[in-house]
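**Student:** Give the three-dimensional model of this entry:
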Amino acid sequence: MADETYIPAPVSCDIHRIEHGEHRIAQYDAKTRQGPWANLCPDCFAEHGIGLGTGKGQRLVVGRRPQPQRAQKESQIRAAISAGDLAMAEDLLVELGDDPDLTPYL
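**Tutor:** The predicted structure follows:
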């Protein structure tokens, strides 16, 4: 999991919305120290979040993910295959929006 994810529109901080009846823009989707995951504003992330990364949380970015340059990604796919890292090659194909079938690159 990346440290950030793209969302189409802003979301509210769950803690401020539920506990305080307030609207604050969430900038994180994260696991809390209490256990459940929540959309959190920066203050709540600092107080309740456990960090960023796989199994911890990610920064929310409003908008569309920038499209990678296809030739550069295809070069990275070939390099990953040459290095024997097929999982990385499949991940790069998914980033391109392609089916993670490596057959055309083998």
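
**Student:** switch to C-alpha atoms for all contacts and neighbour counts from now on
**Tutor:** Will do.

**Student:** so how far is the first residue of stretch 17-31 from its last?
**Tutor:** In stretch 17-31, first residue to last residue: 17 Å (CA to CA, to the nearest Å).

**Student:** And for stretch 93-101?
**Tutor:** End-to-end for stretch 93-101, by CA to CA: 8 Å.

**Student:** for this protein, which helix is longest?
**Tutor:** In the chain, assigned by DSSP state H, the helix with the most residues is helix 70-82.

**Student:** what element comes up after that one heading to the C-terminus?
**Tutor:** helix 86-95 (DSSP states H and E).

**Student:** Could you list the buried residues of that following helix?
**Tutor:** Neighbour counts using 16 or more other CA atoms under 10 Å place 86, 88, 89, 90, 92, 93, 95 of helix 86-95 among the buried residues.

**Student:** for the record, mean pLDDT for it?
**Tutor:** Averaging pLDDT along helix 86-95 gives 87.

**Student:** got a list of what residue 86 touches?
**Tutor:** Residue 86 makes contact with residue 80, according to CA atoms under 8 Å, 6 or more residues apart in numbering.

**Student:** domains for the chain, by residue range?
**Tutor:** For the chain, the structural domains run 4-62, 70-105, going by automatic domain parsing.

**Student:** For residue 18, give its distance to residue 24.
**Tutor:** Taking CA to CA, one finds residue 18 at 11 Å from residue 24.
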